[in-house]
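Asks: here is my input; please provide its structure:
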Amino acid sequence: MAKIARLLVMAMASVGVLAMAQSAGGTARLSAYQPVFELVRMVNALAEVDRVQGLAFDKDQAAALLGKLHPLGLQENLEPPQAVTLRKELEALLTPAQSVWVRGWLEQQEKMARMRLAQIRTDTKPSFYMFAVPGYLGMVAELQSGKPFNPFKKGPNATRLNSLIQSLQRR
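Replies: Below is the predicted model of the structure:
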């Protein structure tokens, strides 16, 4: 029951944010930034795979990942083409076993998000990313402001990225 109440609160909060996004022509901007949201999900998956015994990153992988992840939290703006390139580079650093695990984890997260989305019945069209990307609702408003946008600069994504970087630096 508490879970349903939380979902309803999130849905109600999202109604205002999503209405603003749709009314301001922000739907196109949100769609354009899907690669950035996918990169957020990928970084979250990397943080999770690093905790799995037998799949954690070795010293060489950690060094390569650090080279890609460390600058991510420092830049002011993260553009979709840049996110696409970075995601491909991160995927290329995974072993086959890690890659299979990450794909499975992402699919499971997507399935859970779609189930939560199906539970919500509102007049607005909630986004899949609302449930699949930490801090999504805050990012919608940030995107609409037109200011430089990087989801790894603050909030839960910055915390997750910093935790992953710290973990990799210990190797």
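
Asks: how long is stretch 40-60 from one end to the other?
Replies: The straight-line separation of the ends of stretch 40-60 (CA to CA, to the nearest Å) is 23 Å.

Asks: what average pLDDT does it get?
Replies: What stretch 40-60 shows for mean pLDDT is 94.

Asks: buried sites along it?
Replies: By 16 or more other CB atoms under 10 Å, the buried positions in stretch 40-60 come out as 40-50, 55, 57. For glycine as for every other residue, the C-beta is placed from the backbone atoms N, C-alpha and C.

Asks: same question, stretch 62-71
Replies: Buried positions in stretch 62-71, judged by neighbour count with 16+ other CB under 10 Å: A62, A64, L65, L66, K68, L69.

Asks: who touches that stretch?
Replies: Here stretch 62-71 makes contact (CB atoms under 8 Å, 6 or more residues apart in numbering) with 43, 46, 57, 86, 89-90, 93, 161, 164-165, 168-169, 171.

Asks: rerun that using 7 Å as the cut-off
Replies: Taking contacts as CB atoms under 7 Å, 6 or more residues apart in numbering, the residues outside stretch 62-71 that touch it are F57, L86, E89, L90, L93, L161, L164, I165, L168, Q169, R171.

Asks: quick one on the thing from earlier: what two of the buried residues of stretch 40-60 are the furthest from one another?
Replies: Using CB to CB, these span at most 20.6 Å, a distance reached by V40 and L55.

Asks: element containing the residue positioned nearest the centre of the chain?
Replies: Nearest to the geometric centre of the chain sits V40, at 2.5 Å (CA atoms, centre = their mean). Assigned by DSSP states H and E, V40 belongs to helix 34-49.
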